[in-house]
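>>> just need the structure, nothing else, for what follows:
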Amino acid sequence: MRTLAFATLRPIAQLVVLFASSGPWSCCSACTTIAVGKDATSDGSVLSSHSNDGEGDTDPRLVLIPASDWPVDAERPVFFSSESFPRYVGPDRASAPVDAYAVGNGDNGPDAFEPICHIPQVSHTYQYYEETYGAINEKQLGISESTCSGVFGAAPKGIAYPDYGIGRACFSVDTLTQIAMERHSKAKDAIIEIGSLAEQYGFYGAGLFEGTAESLIIADTEEVWIFHILPDPTGASAIWAAQRVPSDSFAVVPNVFIIRDIDPDDSANFLYSKSVYSVATELGWWDAGKGKLLDFTAMYSDGEYSHQFYSGRRSWGVYKLFAPSLQLEANYLEWRISKPYPFTAKPDKKLSVADVANAMRSYYEGTEYSQAGESSGLNAAGGPWRT
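The predicted structure follows:
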């Protein structure tokens, strides 16, 4: 089954593309996200997109979570997220019932889910749509997600993961996106809070094949940011960084980190945890005395987590569609050190929702990497990796 959901709001246009698939009908094999600044779009909107492969068992429900008011001293429960069906469906998501989450609508009953942590609740939370992740709220904060590899991993609090033992971390990226939706109207404010919470309470990634780190595109009505996060070496905190996409540019995140040199003197365009520097320094990976900026991807990415070109070919495909004048090469040595593609680029023409949707649907038609199939009448060369 394939599900497409589009939400177009002004002055932000948040494009949410959801794929729920299984078996031989799978239509998506990776999570690709695209961000476009408002001055690079045809109507002045901020755009972002997300394809969610989910490996065939994602909970596909697109659910409206109502705005809620909470009593003083209330706590917000944090539930373990396996990113599989069913996700938490109990009564604690809002102060009013959520029909789609009623007992009998695909869940195992609210008692089947026990919080692994609690954090202080705010007095009011916003209305928003969620799927596996928070998607867009009433203030037009929008989020897209792409799992990435990372050099460190962690397990959820009280739960055993292979290689990581019994976990100490409270937050998955799923819950961090929900909290951003519930509490914020501005991307920068959302990043600061979810980054701080992950540092304080710990972050765990999907693990196994998907990678132990995460990336989010976080957009509001004026700007859009790329946010990267992974566990720290203790498994009880986090390392994170965020970079603003220039308003006249676009970015693509294809299951791999893309943030490079962090400028600590440029707070308008960079946000980061202190652990970005402290961990790299303690491990002898980076020396501030050498006068070089810290390359976040080179330092903390574990590269393309499936094989070479798994991520980069998708980047190249989007750049070829949006900025063909750059004439970027399809092939490269590797991802982490060689820096094959820029963090962002200016499109050759202003982009629309249709342009982004076209990029998300691309099969590399008309290139030597086309995977459109012989019946399409287009060039077919066995897939983007020429296998």
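
>>> only C-alpha atoms from now on, for both contacts and neighbour counts.
Will do.

>>> tell me the contacts of the closest residue to A298 other than its chain neighbours?
Leaving aside its sequence neighbours, A298 sits nearest to R336 (Cα to Cα, 6 or more residues apart in numbering; 4.7 Å). By Cα atoms under 8 Å, 6 or more residues apart in numbering, the residues touching R336 are 297-298, 301-303.

>>> how about those residues in CSV, adding neighbour count and pLDDT?
Formatted as CSV, the contacts of R336 follow (neighbours: other Cα atoms under 10 Å; pLDDT from 0 to 100):
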residue, neighbour count, pLDDT
T297, 21, 98
A298, 19, 98
S301, 25, 97
D302, 20, 95
G303, 24, 94
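
>>> turn those residues into TSV, including distance to Y129 and secondary structure.
Putting these into TSV (distance: Cα to Cα, whole Å; DSSP: H, G, I helix; E, B strand; the rest coil) gives the following:
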residue	distance to Y129	secondary structure
T297	31	helix
A298	35	helix
S301	30	coil
D302	32	coil
G303	32	coil
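
>>> ok, so of these, who is nearest G202?
S301 (18.5 Å; Cα to Cα).

>>> surely that closest one meets V151?
Yes. Counting by Cα atoms under 8 Å, V151 is a contact partner of S301 at 6.0 Å.

>>> give me the number of residues near E114?
E114 has 13 neighbours, counted by other Cα atoms under 10 Å.

>>> contacting residues for the closest residue to D220 other than its chain neighbours?
Spatial nearest neighbour of D220, excluding adjacent residues (Cα to Cα, 6+ apart): L141 at 4.6 Å. Going by Cα under 8 Å, 6+ apart, L141 touches 181, 184-187, 218-221.

>>> and the residue nearest to A298, which of the three is it?
coil (DSSP: H, G, I helix; E, B strand; the rest coil).

>>> helices or strands up against the lengthiest helix in the chain?
With secondary structure taken from DSSP state H, the chain has its longest helix at helix 187-201. With contacts taken as 3 or more Cα pairs under 8 Å, 6 or more residues apart in numbering; DSSP states H and E, helix 187-201 sits against helix 173-183, strand 213-219, strand 224-231, strand 238-245.

>>> output those in JSON lines; the columns should cover distance to H307.
Output for the helices and strands packed on helix 187-201, formatted as JSON lines (distance: least, Cα to Cα, whole Å):
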{"stretch": "helix 173-183", "distance to H307": "24"}
{"stretch": "strand 213-219", "distance to H307": "17"}
{"stretch": "strand 224-231", "distance to H307": "20"}
{"stretch": "strand 238-245", "distance to H307": "24"}
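
>>> save the ones you listed as JSON lines, and put in mean neighbour count and distance to F343 too.
Formatted as JSON lines, the helices and strands packed on helix 187-201 follow (neighbours: other Cα atoms under 10 Å; distance: least, Cα to Cα, whole Å):
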{"stretch": "helix 173-183", "mean neighbour count": "24", "distance to F343": "22"}
{"stretch": "strand 213-219", "mean neighbour count": "28", "distance to F343": "13"}
{"stretch": "strand 224-231", "mean neighbour count": "28", "distance to F343": "10"}
{"stretch": "strand 238-245", "mean neighbour count": "26", "distance to F343": "8"}
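
>>> in a markdown table: the ones you listed, plus distance to D261 and mean pLDDT.
A markdown table is the format used below for these (distance: least, Cα to Cα, whole Å; pLDDT from 0 to 100):
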| stretch | distance to D261 | mean pLDDT |
| --- | --- | --- |
| helix 173-183 | 24 | 97 |
| strand 213-219 | 17 | 98 |
| strand 224-231 | 13 | 98 |
| strand 238-245 | 10 | 98 |
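
>>> Y201 is nearest to which of those?
Per Cα to Cα, nearest to Y201 of the helices and strands packed on helix 187-201: strand 238-245, 8.5 Å.

>>> point to the residue nearest the middle of this protein.
Nearest to the geometric centre of the chain sits E145, at 2.1 Å (Cα atoms, centre = their mean).

>>> pretty sure it is touching E214, no?
Yes. Look at E145 against E214 with Cα under 8 Å: they come within range, at 7.4 Å.

>>> so P77 lies in a strand, does it not?
Yes. P77: assigned to a strand according to three-state DSSP.

>>> tell me the spacing between the closest residue to it other than its chain neighbours and F79.
Of all residues not flanking P77 in the chain, H118 sits nearest, at 4.5 Å (Cα to Cα, 6+ apart). Here the criterion is Cα to Cα, to the nearest Å. By it, H118 lies 9 Å from F79.

>>> name the residue in these two with the higher neighbour count.
Between H118 and F79, counted using other Cα under 10 Å, F79 has the larger neighbour count: 21 against 14.

>>> for that one, give me its contacts.
Contacts of F79 by Cα under 8 Å, 6+ apart are 88, 113-117, 175.

>>> can you name the residues bridging to it?
P115 (DSSP bridges).

>>> poorly predicted segments of the stretch 101-250 of the chain, please.
102-112, 208-210 (pLDDT under 70).

>>> same thing but at 80, please
101-112, 206-211 (pLDDT under 80).

>>> how close does the residue nearest to A169 when sequence neighbours are not counted sit to G158?
Nearest residue to A169, sequence neighbours excluded (Cα to Cα, 6+ apart): G202, at 4.0 Å. In this structure, G202 and G158 are 12 Å apart, going by Cα to Cα.
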